[in-house]
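Q: Just the structure for this:
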Amino acid sequence: MKYLKFNYEFFRCHKNFLMMLIINLLELLKINFNYERFFERSKYWYVELSEDTEIGSYVIRELGFDCNGKVIFSAPTNDNYGYFVDNNLGYNDFLSSFDCIEITKEEFEYAWEYNEMK
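A: Numbers count the residues shown, from 1 in each chain. Model (predicted):
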């Protein structure tokens, strides 16, 4: 597994026509999208990525943190796959799209285990 940390403010970057269209379609389909407020408040993220070489890497789990370092979003859950879990970004995509740093498995697991969102 690979573990990355990066800054990403969801709605500041994506409040555009396409994103609003997607959100509206999800709401029309009655998909639970009540996690939107956590995306908006997340300042940085941790992602856990597979190292599958046959199909490429993909996100397994994600955590969103507020500006105080508190976990305010974790996915996947029973209600929500998550934002990064539910897309096609792999390890190299994250490195080329965001200012990422690698973190340890222990750092990710600690944040995952002791967050209040589970």
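Q: hey, let's count contacts and neighbours off CA atoms from now on
A: Fine.
Q: So Ser57 sits against Val47, correct?
A: No - counting by CA atoms under 8 Å, Ser57 stays clear of Val47, with 11.7 Å between them.
Q: Dig out what the closest residue to Tyr8 other than its chain neighbours forms beta bridges with.
A: Spatially, and ignoring its direct neighbours in sequence, Tyr8 is nearest to Tyr44 (5.4 Å; CA to CA, 6 or more residues apart in numbering). Going by DSSP bridges, Tyr44 is paired in beta bridges with Asn7, Phe65.
Q: ok, Tyr44 touching Asp66?
A: Yes - using CA under 8 Å, Tyr44 is in contact with Asp66, at 7.0 Å.
Q: how close does the residue nearest to Tyr8 sit to Ile55?
A: Counting by CA to CA, to the nearest Å, the separation of Tyr44 from Ile55 is 27 Å.
Q: and if you look at Asp93?
A: For Asp93, the distance to Ile55 - CA to CA - is 14 Å.
Q: Also Glu48?
A: Using CA to CA, one gets 16 Å for the distance from Glu48 to Ile55.
Q: Please apply the same query to Asp99.
A: 24 Å.
Q: And Asp66, by the same measure?
A: For Asp66, the distance to Ile55 - CA to CA - is 32 Å.
Q: And the two? Which one has more around it.
A: Asp66 (18 against 8; other CA atoms under 10 Å).
Q: Glu51 is in what secondary structure piece?
A: For Glu51, there is no enclosing helix or strand under DSSP states H and E.
Q: what about it, neighbour count?
A: Neighbours of Glu51 (other CA under 10 Å): 15.
Q: unless I'm mixing things up, it is touching Tyr3, no?
A: No - using CA under 8 Å, Glu51 makes no contact with Tyr3, being 10.4 Å away.
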